[in-house]
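In: Got a sequence here, can you build the structure:
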Amino acid sequence: MERRTIGAAALGVGAVGLGCMPMSWAYSTSEQRGESSLRAVHTALDAGMSLLDTADMYGPFTNELLIGRAVKERRSDAFVSTKCGLLVGEQHIVANGRPSYVRRACDASLRRLQTEVIDLYQLHRADPEVPIEETWGAMAELVTAGKVRALGFCAVGARADRRAGAGIHDGTIRQLERVQQVFPVSGVQAELSVWSREALETLLPWCEARGIGFLAAMPLGNGYLTGALTTGGGFEPDDVRARHPRFTAEMMAANQPIVAGLRRVARRHGNATPAQIALAWVLAQGRHVIPVPGTKKAHWVTENARAGGLVLTADDLAEIAALPPAQGSWD
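Out: All right, here's what the predicted structure looks like:
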């Protein structure tokens, strides 16, 4: 698989990564099986999908434990990316950016991941009660201590933080400019897909201009862009999509023209699938972009890996650009 780099340190990873969250959190609990997920991780590493993206809150904690099992014997094959800054309660999730907590969280993640160093340590969310410079400073100390190789910043929740009249990533960029004064940002993780393109406006160019890697979260639109979801098929009660405005039967039907467009492009590439075209589109947005599709099954990993070899033509990109915007709220 093609290799891409993250940040000024030029940390090398496979062009397509693996989002590990669905193995333990937020999607269809009945389908979460440890051994199946382990096979998916090993399949990814075999294919050169070295970036494994997890977080301490996924589970919570169980996702890191799972990844630790998988990479224990294959540490040199894996680029381990995890996150801190969110605590999971019974009915709520809260941010915690206190320096003392960041240090404890890192040590706990290292134990669960069964590794001596985390390749990319990301701040999952900024704590509104703690100056972000203090949180980032504590994370920078972890790099100095040799526990972490590079630091990343997550903007996946940017929609919820948007103020009236502001761009979706304006607040994120302000925070990034503040933490850059403390310690370099190597990677930024934010949503980017064919049906969610807001990062193209300001955040992606901001990263490119500074040599910062961009981890594209949800590049398959939470599974919708694969074309494999049945309209009106429903989701398990604990699946986040069961309460998502874009995954009602009405909105899934309304957005079918997007999938149909991906299918048309896919037909011009032999046996390609809509998912592979969607990932190839993300890859085409810049050499600093690494899509991180989440899955828990080895056969989907194999399909996603093959997207790394697809090169979209100018006509392909123009056709995708002309697809109708997604309908339905994404908040």
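
In: The nearest residue to Gln122 once chain neighbours are set aside: which element?
Out: Distance criterion CB to CB, 6 or more residues apart in numbering; nearest residue to Gln122, sequence neighbours excluded, is Gly152 at 3.7 Å. In short, each C-beta sits where N, CA and C put it, glycine included. In the assignment (DSSP states H and E), Gly152 maps to strand 148-154.

In: strand partners of that strand, parallel vs antiparallel please.
Out: Using DSSP bridges, the strands paired with strand 148-154 in its sheet are strand 118-123 (parallel), strand 187-191 (parallel).

In: In JSON lines: those strands, plus distance to Ala105, mean neighbour count and mean pLDDT.
Out: Output for the strands paired with strand 148-154, formatted as JSON lines (distance: least, CB to CB, whole Å; neighbours: other CB atoms under 10 Å; pLDDT from 0 to 100):
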{"stretch": "strand 118-123", "distance to Ala105": "9", "mean neighbour count": "25", "mean pLDDT": "98"}
{"stretch": "strand 187-191", "distance to Ala105": "17", "mean neighbour count": "25", "mean pLDDT": "97"}
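
In: a markdown table for these, including distance to Gly97?
Out: What follows is the strands paired with strand 148-154, written out as a markdown table (distance: least, CB to CB, whole Å):
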| stretch | distance to Gly97 |
| --- | --- |
| strand 118-123 | 7 |
| strand 187-191 | 17 |
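
In: Those strands: which one's closest to Leu323?
Out: Nearest of the strands paired with strand 148-154 to Leu323, taken as CB to CB: strand 187-191 at 17.2 Å.

In: Output the closest one as CSV, nothing but the C-alphas.
Out: Taking C-alpha atoms only, strand 187-191 is exported to CSV below (Å, rounded to 0.1, in the frame of the first residue of the first chain):
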residue,chain,number,x,y,z
GLY,A,187,-2.2,15.4,13.0
VAL,A,188,-5.8,16.8,13.0
GLN,A,189,-8.7,14.4,12.9
ALA,A,190,-12.0,15.6,11.5
GLU,A,191,-14.9,14.4,9.5
